[in-house]
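> Pasting the sequence and the predicted coordinates here, then a few questions.
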Amino acid sequence: MVRVDGHSATGGLIRARNLDKTYRRGGEEIHVLQGLNLDVDRGEFVAFMGPSGSGKTTLLNLLGGLDVPSSGSITVDGDELTKMSRNRLTDWRARHVGFVFQMYNLIPVLTAFRNVELPLLLTKLSRTDRRKHVDTALSIVGLADRAQHRPRQLSGGQEQRVAIARAIVADPTFLLCDEPTGDLDRAAADEILNLLTRLCREHGKTILMVTHDPRAAERADVVLHLDKGVLREAAAAEAAR
Amino acid sequence: MKYARIILANLGRKKVRTILTVGSFFVAFFLFGVLATLNFTFGMGTEVASAERLAVINKVSLIQPLPEAYKDQIAALPGVTLVTHANWFGGVYQDPKNFIAQFAVEPESWHAMYKEFKVPPEQWKAFLEDRQGAVVGAATAKRFGWKLGDRVPITGTIFPGRWEFNIRAIYTGTRPSDDETQFWFQYKGLDERRQYGKGTIGWYVVRVSDPDKAVDVVKAIDDRFANSSYETRTFTESAFAANFAKQMGNIKFLLILIGSVVFATLLLVTGSTMAIAVRERTAELGILKAIGYSDRSVLALVVAESLIYAVVGGGLGLLAAKIITLGGDPTGFLGIVYFPKESMAWGIVLLLTVGVVAAAVPAWGAMRLRVVDALRRV
C-alpha cells in the first residue's frame, strides 16, 4: 500500500515524514520539497511523475541516502536515515539500495562482469561466490553471454540491463530508478520496463522509479505526481488540475 | 587486491598519459640514482673515513709540504699509535684524461694504516723488494688491463720526467665503497730521484688509540709544531676528505639543487596528471560512492593509482641507475662509482612520498566529493 497523507499505521518498508528540502541559490531559497509524506510497502512498484524541476530526482536522492533533507525524517526498514553519519549512510546504501540511472553510468574501462561485480567488492564474499552472484545477475537481465564485453561494445538497452544487474547483484532492499528508459528507444525501453516489472513481480523487489514517460509509469502499481514539491496520487493530481 | 583490477583498468584508460607519467618518474629517479652516485663519489672520503685516523697537513695549504722528520715527533705524542705519510704525485699515464690518484707512500706503515685494503702477501713482498714497484687498485688494473709484472710509464707533472713502475701487487677493498683506483709506489724511490723538495712529504696520516680523545691529539700535534717553519693543521680523516672534495666546488649543493628542481617539476607534472584524471572521472567516482564505496576507499583508489606511477616508473629508474653503476666508472676519472644502499632506500622513500603527495589534492577532492554533485556532471 502506498500513501502520501502521512497516516499509514502499518510499518511499511519506506516511511518519509514532513520532508523538506531547500536549496540556496545566489541568496534565494528554493523549496524543492515541502512537507512531503510517503509510505511504501515491500514489493511495490511506484512511479513518480512530474514536470522538470518538480523535485523527483531530489526525492529519489533523499530516499536513497545520497542527500539529506533540510528537515523531516526518512525510515527504511526500521533504519532512520536522517540520523545516520555520512559513513554509516554509505554502508547503508551498499546493503539496501540498488541504483539505476538514465545514463547507465557504467565504468567504461571495465567489462560488464566487472561492472556488475563492483558492489560485491565491498562485501566479504569470496571470489567464487562473487562470480556466482554476478553470473546470476547477468542471467536475470539476459546478458550472460555479454559478460566480457565493455560498455562501448553494448547497445544502450544492453548497457542499462548491465546497470540493472549491478543494482540487483547485492540483493538490495529496494531499487531506485531515475529515468531508466529516458535515453532508450521504444523497443529497448520496453525491454527494460519488462525487466523491472519481472524483478518486482517474480523477485519481490520494491522499485521506486522516476519517469517522464506515461507508458513507463503504466507499468507501476502506483503512480505519484510531484508538483512544486508536493506529492499527490495520480487520481488526486488529476482532480487538482 | 580486490580493487587492483579497477586501479589497473584506470591506468590503462589513457595509455599515452600513463606511459608519459611513468616515464617522468623513470627519468627523475634515474637522475636521482646518478646524482646520489656522484654525491657518493665526490664525498667518498668522508663516507669511508675512519674515526681512528687523523690527517696532518701544512697549515698554509694541502699543497705545501711538511718535513719527513716530523714523523718521529708525531709518533712520540701521547695517544698516537701509528704514523704514515704520502705525497701526491700527479703523473699522467699515456694521456692526461687517464687520471689516477698516485701516492708515494711509506709502504709498511701505509699498509698497517689502511687495513681495509687487502694485498696478497706474496705480492706485497714483491712490492717491498722492488724500489720501482707499484701497487694498484683492482679497478685501475682492470681499467688499463694491467697485470702483475707489467711495466707502466708515468709522465710526471709535479716531478718532471718519465717514471717507470713495475706492477707488483693489486689491492682490493673489503667494503663496496672502498676506493680501488689508487696507485701506490715507494716514497724512497720518489725522494731519491726528485730534484727538489727532498725530505718532505705531502701529509701525514695518524692513528689514535682512542677516537674519543682525537681532539686532544689534534691539539697536541698542532701545538707541537706551532711557530715552526712548517706549522701544521690536523683534521679528522672525514674533515680532511670533505676539504679535499671542496676543492672541486660545492658539488653536494649543486646536486641537491638539481635534484630539487627535478622533483619539484615531477610533483607538479604528476599532481596535474592526477587532477586531470580525477576530474575526468568525477561522475564515475560519484557512482562508486552511490553504490557504497566509502570516502576513504575513493581516496585510496586515487592515491594507489599515483603510487603505481611512482613505484613502477621510479623503481625502474632506480634499478636502471643501479645497473649502470654496477658496470663501474664509465668516465674513467671518477674513481669509485657506487650507488649506496642508503641512497637507494632514500630513493624508495622519496618515490613513495612523491606518489602520495602528488595525489594528495585530487584524492582529497575525490574524497570530499558529494554524490549528488558528481552525478549532476554525467
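That came in fine, so what should we check first? Residues are numbered from 1 along each chain as shown, chains lettered A, B, ... in the order given.
> Quick check, the residue in the stretch 101-250 of chain B closest to chain A?
Residue nearest to chain A within the stretch 101-250 of chain B (CB to the nearest CB): B:Pro176, separated by 45.0 Å. C-betas here are computed from N, CA, C, even on glycine.
> what stretches of the stretch 151-300 of chain B score poorly on pLDDT?
Low-confidence segments of the stretch 151-300 of chain B, defined by pLDDT under 70: B:241-251.
> How about chain A?
A:1, A:4-5, A:8-11, A:234-241.
> which other helices and strands contact the longest helix seen in it?
As assigned by DSSP state H, the longest helix anywhere in chain A is helix A:186-201. Contacts defined by 3 or more CB pairs under 8 Å, 6 or more residues apart in numbering or on different chains; DSSP states H and E place helix A:186-201 against strand A:45-49, helix A:156-168, strand A:174-178, strand A:206-210, helix A:214-217.
> Any buried residues in that helix, and which?
Residues A:188-193, A:195-196, A:199-200 are the ones in helix A:186-201 that count as buried (16 or more other CB atoms under 10 Å in any protein chain shown).
> Could you do stretch A:64-81 as well?
Under the neighbour-count criterion of 16+ other CB under 10 Å, stretch A:64-81 has A:64-69, A:72, A:74-77, A:79, A:81 buried.
> will you turn those residues into JSON lines that also has distance to B:Leu267?
Below are these laid out as JSON lines (distance: CB to CB, whole Å):
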{"residue": "A:Gly64", "distance to B:Leu267": "39"}
{"residue": "A:Gly65", "distance to B:Leu267": "37"}
{"residue": "A:Leu66", "distance to B:Leu267": "35"}
{"residue": "A:Asp67", "distance to B:Leu267": "36"}
{"residue": "A:Val68", "distance to B:Leu267": "37"}
{"residue": "A:Pro69", "distance to B:Leu267": "42"}
{"residue": "A:Gly72", "distance to B:Leu267": "47"}
{"residue": "A:Ile74", "distance to B:Leu267": "44"}
{"residue": "A:Thr75", "distance to B:Leu267": "48"}
{"residue": "A:Val76", "distance to B:Leu267": "45"}
{"residue": "A:Asp77", "distance to B:Leu267": "48"}
{"residue": "A:Asp79", "distance to B:Leu267": "44"}
{"residue": "A:Leu81", "distance to B:Leu267": "41"}
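> Among those, which pair sits farthest apart?
Within the buried residues of stretch A:64-81, A:Asp67 and A:Asp77 form the most distant pair, 19.1 Å apart (CB to CB).
> Am I right that A:Leu138 is in contact with A:Ala147?
Yes: with contact defined as CB atoms under 8 Å, A:Leu138 counts as touching A:Ala147 (5.6 Å).
> can you list residues touching both of the two?
By the contact definition CB atoms under 8 Å, 6 or more residues apart in numbering or on different chains, A:Leu138 and A:Ala147 are jointly contacted by A:112-113.
> give the contact list for the residue most central in space within chain A.
By CA atoms, centre = their mean, chain A has its centre lying nearest to A:Leu176, at 0.4 Å. If you count contacts by CB under 8 Å, 6+ apart, A:Leu176 has them with A:60, A:63-64, A:97-100, A:208-209.
> Which of those ranks first by neighbour count?
A:Met209 (28 neighbours; other CB atoms under 10 Å in any protein chain shown).
> quick one, what contacts that one?
Contacts of A:Met209 by CB under 8 Å, 6+ apart are A:45-48, A:176-178, A:180, A:196, A:216-217, A:220.
> How about A:Thr75?
So A:Thr75 contacts A:14-16, A:81 (CB under 8 Å, 6+ apart).
> bridging residues for it?
For A:Thr75, the beta-bridge partners are A:Arg15, A:Glu80 (DSSP bridges).
> Double-check that A:Leu36 belongs to a helix.
No: in this structure, A:Leu36 is strand, not part of a helix, as judged by DSSP: H, G, I helix; E, B strand; the rest coil.
> isn't it right next to A:Leu231, touching?
Yes: in this structure, A:Leu36 is within contact of A:Leu231 by CB under 8 Å, at 5.2 Å.
> Looking at chain A, which residue is nearest chain B?
A:Ala94 (2.4 Å).
> With B:Leu299 as the reference, measure out to that residue.
Using CB to CB, to the nearest Å, we find A:Ala94 at a distance of 17 Å from B:Leu299.
> With A:Arg161 instead?
31 Å.
> Next: B:Ala55.
Distance, B:Ala55 to B:Leu299, by CB to CB: 54 Å.
> Looking at those two, which is more packed in?
Ranked by neighbour count (other CB under 10 Å), B:Ala55 and B:Leu299 place B:Ala55 first, with 24 against 19.
> ok but the more buried one is inside a strand, no?
Yes: assigned with three-state DSSP, B:Ala55 falls within a strand.
> thinking it is in contact with B:Thr234, fair?
Yes: the pair B:Ala55 / B:Thr234 is scored as a contact, 7.0 Å apart, by CB under 8 Å.
> which neighbours do the two share?
Going by CB under 8 Å, 6+ apart, residues that sit against B:Ala55 and also against B:Thr234 are B:Val206.
> which residues does the residue of chain A positioned farthest from its centre contact?
Ranked by distance from the centre of chain A (CA atoms, centre = their mean), the top residue is A:Gly27, with 31.5 Å. Counting by CB under 8 Å, 6+ apart, A:Gly27 touches no other residue.
> can you check A:Glu202 too?
Per CB under 8 Å, 6+ apart, neighbours of A:Glu202: none.
> Report the secondary structure element holding B:Thr234.
Following DSSP states H and E, one finds B:Thr234 within strand B:232-236.
> ok, now B:Val206?
Per DSSP H and E: B:Val206 is located in strand B:203-208.
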